[in-house]
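Visitor: here you go, sequence then predicted model.
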Amino acid sequence: MTEEHARPGAFTLAVCAEMVFRSLPVTERLKRITDLGFVAEIWDWTKHDIPALARSGATFSSMTGYITGTLADDEGADELIRTARLSIPVAKELGCPRLNLHGTGLDGQGLPVVKSEFVSGAMWLKARDTLNRMADLGEEEGVTFVLENLNEAVDHPKTPFAKAADTIALVSAIDRPSLKLNLDLYHAQIGEGNLIELCRQALPFIGEIQVADVPGRKEPGTGEINYPAIARALHDMDYTGVVGLEAWPSEDDELALSRFRQAFTL
């Protein structure tokens, strides 16, 4: 199945296989996601049988693009580049075009490996240098790295460069096709709000958009975010890329995916 087949209206709809149908083995989750007409996303590729995922028939939209490493210190930056190089052959085996990055490595609970009370000017400059190196690597290998915003208030306290404003500042300063934004609207609602204007500001640099509702990180329609309005606004902005569901189903998994599709079908 190509991405075009999963496009009801303007968008390619993707679903995170780590968060739905969790009673099933991941290859069966991928089959369910594919049969329902979505493309798929995964997190840490080292936890998966990659040849089995490649045989699953799923189309992959994104995956975590590194194993360990950070943006803002010399040793961490070198480690980020090293493990990104290890991730690229996996992405190519899966046909996965986007590799996700964060402000620092995250542990199994989503907490930053390197916590930051304050992000200094020197850290900003180092992060920009590191991301330029990542963009070099992306150009060399024909893949796109995407930098994801997070939230500090609920899920990822003391993560550097967490806000969407931070990731937009970094990616726009580099302004290269091999480095884009993964604009996560769940995290942005908690951290900043004003989501439609945020999408408009980020639009030239977006590689992917991820969604879940607030509070609870459930599917659209369960919380305070008016996702149908956001979908219409994105359509009016001529955004035709990926919208990925990265949410815990509130009830039945298929119902959650149906609500997601309804919110983003124009």
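Guide: Perfect, thanks for sending it. What you are looking at is a predicted structure, and each value in this text was computed from that prediction instead of being measured.
Visitor: now do the strands in this structure.
Guide: Taking DSSP state E, the strands of the chain run over residues 12-16, 39-41, 60-64, 98-101, 144-148, 179-184, 206-211, 242-245.
Visitor: mind checking which of those strands is nearest residue 226?
Guide: Closest approach to residue 226 among the strands of the chain (Cβ to Cβ): strand 206-211, 11.7 Å. C-beta here means a position set from N, CA and C on the backbone, and glycine is covered the same way.
Visitor: which strands or helices does that closest one pack on?
Guide: Applying 3 or more Cβ pairs under 8 Å, 6 or more residues apart in numbering; DSSP states H and E, we find strand 206-211 packed against strand 144-148, strand 179-184, helix 185-191, strand 242-245.
Visitor: ok, which of the strands of the chain comes nearest residue 261?
Guide: In terms of Cβ to Cβ, the element of the strands of the chain nearest to residue 261 is strand 12-16, at 6.2 Å.
Visitor: tell me the strands beside that closest one, with direction?
Guide: Partners of strand 12-16 in the sheet, by DSSP bridges, are strand 39-41 (parallel), strand 242-245 (parallel).
Visitor: how about the ones you listed in CSV, adding mean neighbour count, mean pLDDT and distance to residue 82?
Guide: What follows is the strands paired with strand 12-16, written out as CSV (neighbours: other Cβ atoms under 10 Å; pLDDT from 0 to 100; distance: least, Cβ to Cβ, whole Å):
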stretch, mean neighbour count, mean pLDDT, distance to residue 82
strand 39-41, 27, 98, 23
strand 242-245, 26, 98, 27
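Visitor: number of nearby residues for the nearest residue to residue 157 once chain neighbours are set aside?
Guide: Excluding its sequence neighbours, the residue lying closest to residue 157 (Cβ to Cβ, 6 or more residues apart in numbering) is residue 111, at 7.1 Å. Neighbour count of residue 111, defined by other Cβ atoms under 10 Å: 15.
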